[in-house]
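1. no letters, just coordinates:
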C-alpha cells in the first residue's frame, strides 16, 4: 500500500525533488541491485520496494544464525534461492514501473485500486504481483506505447523538400501542376494516440509554404462488434492504392498522370465522411476486405476537381474490395477493385463515376528483408464524367516497378498514360526513372527523371530532386 | 431521378459490407494466441500446452524490427483471444496498424487480451539522459532483445501462464502446472548451459546489432563492440576500421551475426582480425531444427563453445 501512495505522490506533485532520495539511491546502486539508471522520481518507488524486500534479509539471517550448521550446503542453496527470488521480485517491480510510466494515468478514482501490489513478503508473491490486475498494463497514451509523455499523443513532423530543373511548361488545359525550382513542398505534422479502450485518433496536418490543409483527421473505432472497423472524420478515401498513400510514402516524387488527370491529383479523393470496413471470411488463406465510404462530396479543385457538392444530399460514395494472398512467405499478390461516385463541378445534376482496378506484386526474401525487395504495381482507372455537350469517358493507367538494390538504395521506373477527365480525347503520356538513397530509416534523398508528352504535342524533360526527413514518432502506415 | 439513383447506389455500396457481417463460427474451447515473435510463441506453447493454439507473426530468421504488416496477419489477429508482444517499441514499425485494422477488440492495446511481455523481464540498456536519433534507431524504453536470458524466459513464461489462467480460469491450474514443469526443465537445462559456458566466462565478443546483452550478462560474456556504428545504421568503413583495431587491442576473436544481416562486412572483419564469425540465432525457428526455447540455447551455446575453443 505504501508503494501505491508513494507512486501517486510522484505522479501528482510536479515539484517533487528526486534529490532528497538520491544518497540512499546511490548506495543502493553501489550494491549492484539497481540496473535502470536515470535520476527519476520513479526510482523512489523501486527504492522503497527494494528496502521493503531487503528488510526481510536480516530476519532471515538471524534465523540462519541461530541454527548450529551455519555454512552447510543447504543453507547456501537456500540463500541463493532467496536472492534469486528477490531479484525476480525486483525485476517484476521494475516491469510494473515501466508499464505505469508508459501508461496514461487511469481515470480519477481508480488509480488507488489499480496500483496495489500485495506487500506480503512471502516469496510466492511475484506471481501474484506480476499477474495482478490486467489494467496495470494499460498503455493508453501514445499509439505505440511510448514513455515519458503520458498524456501526449505521438507527434511527428515529416518534411518534404522538392527541387526541379529542366523544361517544365505545362499546357493550359493539362491538369499537372508544375514544380517550382525549389519548394518546401509539405511539412506534415502527425498527431496519433489511442483515445480510449474503444478508439484511436490520427491527425495529419500538412503545411505548405503558406496555408494549412487538414490532410486527414479521423477517429477509428477498433473494438466494435462483428469485426467492423469504422472511421469518422476527414480521410484519404480507399479508392485504389495511390490515393490512400501520403506523399512521403510514395515511391516517386510526383503522383502518376492518371491520378492527376482522373482522381484529383495530389490530395486525391480526400474528404470528410465516414468509412466502414470489414474482413470477409474467404477460403484458402485469401484475405478479403470490403470497405464502404460516404463523404460530403468535395474532392480536388480547379482542373483537378473530381467531386463537388452543390447541396447537402450530394454525398459521394466510395466502395473498395481488396483481396490479398501470400503465394510464398516472400511473395504476395494484392488486387483491388474500386468504385466512386459523386456530383461534379460542371453543374448541380452532373455525376462522375470512377472505376478502378489495382494490382500489386511484392517480393521480399525474409532472411534478407532489409536488403532486397521488388514491388510491381499497376492501376487502371475509368472515368465517366457527365457534362455538356457530351459525357466524357476516358481511362488512365500507370505501371511501376521498384527494386531495392541494397540496404539503402532503391531503383524504380514508372510508365504513365491517361486521358483528361474533362477532355477525354486528350491523352497525356509519360515515363519516369527514380533512384532513392536512404541514409537512415528517418530520411531519404530521391532523384527522378520525368518525361511527359502532353496531348497538345508539347513535351517536358524534368529532373526532380526530393529530400524527405522525419522527426519524432510517426506511426506505421498500413501495408 | 438522378438523386433516386444516387440513394440506390449509396445502399448498394454498403450491402457488401453488411452482408459480410455474418456470425463468426465459434471454435472449440481453445485459447487462440498470436504472438509477435517466435520466442514468445515458444514460451506460450510451453505453458499453454494443448489448451491453446499459438501462432507467431514474424519468422525466427527475420529481422523483428522490419516485418511487413501483411494483410494475411490480420486473418490471424482477428481470431485471436490473446496477443503477446515483445514490447519496448520493437514492433512499433508494423504491429500498431495491424492491431487497429484487425477489428478485434480483444487484442487492442490496453484490452485484456493484449500482453506486453517486457513487463516480466529484466531489461538492460535503458538509456539515461536525453535520447535522440543521433544515437541511431535507439529504443528509448530499453533493449527489446531480452528473451535470450533463460531467467527472463522463466519470468515471461510465468507471466504468460498467469495471463492464460486469467483468460481461461478453468484451466488456470493446468497452466500453472505446465509452468512448474517448464521451470524444472529450464533449471536443469540452465545448469548444463552454465557449466558448458563456464570455461569461457569473461570472453570478449563483438555482435552485429546490439541484440545480445541479456545473453552476455547471463553467461558472463563481454560485448566490446558492434558491427553497426549505431543501432539500425549499416556498417561504415571508418567504424569497421575502428572496430578491427579495437578487436586486435582487446584480443577479441568472435563476431556474432544475426541470420538476417549481410555477411560481407563481418567476414572481412573476421579475416582482418583472424577471428571467427558465428551466425547465431536470436530467435526460435531461425533454423528448421531449432523448434523450441531449449533448442535455441542448445544451438547458440553449441556454436559459441566451438568458436571459443577454436580461437583459444
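-> Here it is on my side, so go on. Source: prediction; values computed, not measured.
2. what helix or strand does residue B:47 sit in?
-> Assigned by DSSP states H and E, residue B:47 belongs to helix B:38-48.
3. now do whatever helix or strand comes next after that helix and helix B:38-48, the angle between them.
-> As assigned by DSSP H and E, the chain's next helix or strand after helix B:38-48 is strand B:52-56. Relative orientation of strand B:52-56 versus helix B:38-48 (axes from the mean of the first three to the mean of the last three C-alpha atoms, to 10 degrees): 170 degrees.
4. ok so, going back, so which elements touch the helix holding residue B:47?
-> strand B:31-35, strand B:52-56, strand B:82-85, helix B:150-167, helix B:172-197, helix B:293-310 (3 or more C-beta pairs under 8 Å, 6 or more residues apart in numbering or on different chains; DSSP states H and E). C-betas here are computed from N, CA, C, even on glycine.
5. show residues contacting the shortest one.
-> Yep, that's strand B:82-85 we're talking about. Applying C-beta atoms under 8 Å, 6 or more residues apart in numbering or on different chains, the contact partners of strand B:82-85 are B:31-36, B:40-41, B:44, B:77, B:91, B:95, B:99, B:106-107, B:113-117, B:160, B:163-164, B:167.
6. how about the second one?
-> By C-beta under 8 Å, 6+ apart, the list of residues contacting strand B:52-56 from outside reads B:30-38, B:40-41, B:44-45, B:48, B:76, B:164, B:285.
7. give me the buried subset of the contacts of strand B:82-85.
-> Taking 16 or more other C-beta atoms under 10 Å in any protein chain shown as the criterion, what is buried in these is B:31-36, B:40-41, B:44, B:77, B:91, B:95, B:99, B:106-107, B:113-117, B:160, B:163-164, B:167.
8. and the closest residue to residue B:93 other than its chain neighbours, how many neighbours?
-> Excluding the flanking residues, the one nearest residue B:93 by C-beta to C-beta, 6 or more residues apart in numbering or on different chains is residue A:476, at 5.1 Å. By the measure other C-beta atoms under 10 Å in any protein chain shown, the count of residues near residue A:476 is 17.
9. for residue A:476, which residues are in contact?
-> Counted by C-beta under 8 Å, 6+ apart, residue A:476 has contacts B:69, B:92, B:93, B:94, B:95, B:96, B:97.
10. try 6 Å this time
-> B:93, B:94, B:96, B:97 (C-beta atoms under 6 Å, 6 or more residues apart in numbering or on different chains).
11. just residue A:451 next, same as before
-> With C-beta under 6 Å, 6+ apart, residue A:451 has these contacts: A:430, A:431, A:461.
12. what's the first helix or strand after the helix or strand where it lies?
-> Following DSSP H and E, one finds residue A:451 within strand A:443-453. Sequence order places strand A:459-472 as the next helix or strand after strand A:443-453, per DSSP H and E.
13. where does the prediction get shaky in the stretch 101-250 of chain A?
-> Low-confidence segments of the stretch 101-250 of chain A (pLDDT under 70): A:103-150, A:168.
14. which stretches of it form strands?
-> Ranges of strands in the stretch 101-250 of chain A, per DSSP state E, counting those that start in this stretch, are A:154-167, A:182-196, A:199-207, A:212-221, A:228-236.
15. who's in contact with the first one?
-> In this case it means strand A:154-167. In contact with strand A:154-167 (C-beta under 6 Å, 6+ apart) are residues A:142-143, A:179, A:182-192, A:247-248, A:460-474.
16. what subset of those is buried?
-> Using 16+ other C-beta under 10 Å as the threshold, A:142-143, A:179, A:185-192, A:247-248, A:460, A:462, A:464-466, A:468-470, A:473-474 are the buried ones among these.
17. what's around the closest residue to residue A:398 other than its chain neighbours, how many residues?
-> Excluding the flanking residues, the one nearest residue A:398 by C-beta to C-beta, 6+ apart is residue A:256, at 3.7 Å. Using other C-beta under 10 Å, residue A:256 is surrounded by 28 other residues.
18. with residue A:174 instead?
-> 23.
19. and if you look at residue A:167?
-> 10.
20. so how far is chain B from residue A:436?
-> 15 Å (C-beta to the nearest C-beta, to the nearest Å).
21. surely that residue meets residue A:446?
-> Yes: under the criterion of C-beta atoms under 6 Å, residue A:436 makes contact with residue A:446 at 4.5 Å.
22. the chain - how does it break down into domains?
-> Because you didn't say which chain, this covers chain A. Domain segmentation of chain A under automatic domain parsing yields A:2-137, A:159-183+A:193-201+A:212-472.
23. let me rephrase: I mean chain B.
-> According to automatic domain parsing, the domains of chain B span B:31-121+B:143-191, B:194-310.
24. reformat those as TSV; add mean pLDDT.
-> Listed next are those as TSV, based on pLDDT from 0 to 100:
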stretch	mean pLDDT
domain B:31-121+B:143-191	94
domain B:194-310	94
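25. looking at those domains, which is buried most?
-> domain B:31-121+B:143-191 (a mean of 22; mean count of other C-beta atoms under 10 Å in any protein chain shown).
26. for it, what is the distance to the chain centroid?
-> 10 Å (C-alpha atoms, centre = their mean, to the nearest Å).
27. now the residue nearest to residue A:398: how far from residue A:369?
-> 27 Å (C-beta to C-beta, to the nearest Å).
28. with residue B:135 instead?
-> For residue B:135 relative to residue A:369 (C-beta to C-beta), the value is 24 Å.
29. so between those two, which is more surrounded?
-> residue A:369 (20 against 15).
30. who's in contact with that one?
-> residue B:66.
31. where does it fall, phi/psi-wise?
-> phi -60, psi -20 (degrees, to the nearest 10).
32. next: residue B:135.
-> Torsion angles, degrees, to the nearest 10, at residue B:135: phi -80, psi 0.
33. repeat for residue A:377
-> According to degrees, to the nearest 10, residue A:377 has phi -140, psi 140.
34. ditto for residue A:257
-> Torsion angles at residue A:257 (phi, psi; degrees, to the nearest 10) stand at phi -50, psi -40.
35. look at it and report its pLDDT.
-> We have a pLDDT of 94 for residue A:257.
36. skip the chain neighbours and tell me the closest residue to it.
-> residue A:416 is the one closest to residue A:257 (C-beta to C-beta, 6+ apart), at 3.9 Å.
37. the one you found and residue B:282, how far apart?
-> Using C-beta to C-beta, one obtains 44 Å as the distance from residue A:416 to residue B:282.
38. same check, this time on residue A:340
-> With C-beta to C-beta as the criterion, residue A:340 and residue B:282 are 46 Å apart.
39. then residue B:149?
-> For residue B:149, the distance to residue B:282 - C-beta to C-beta - is 12 Å.
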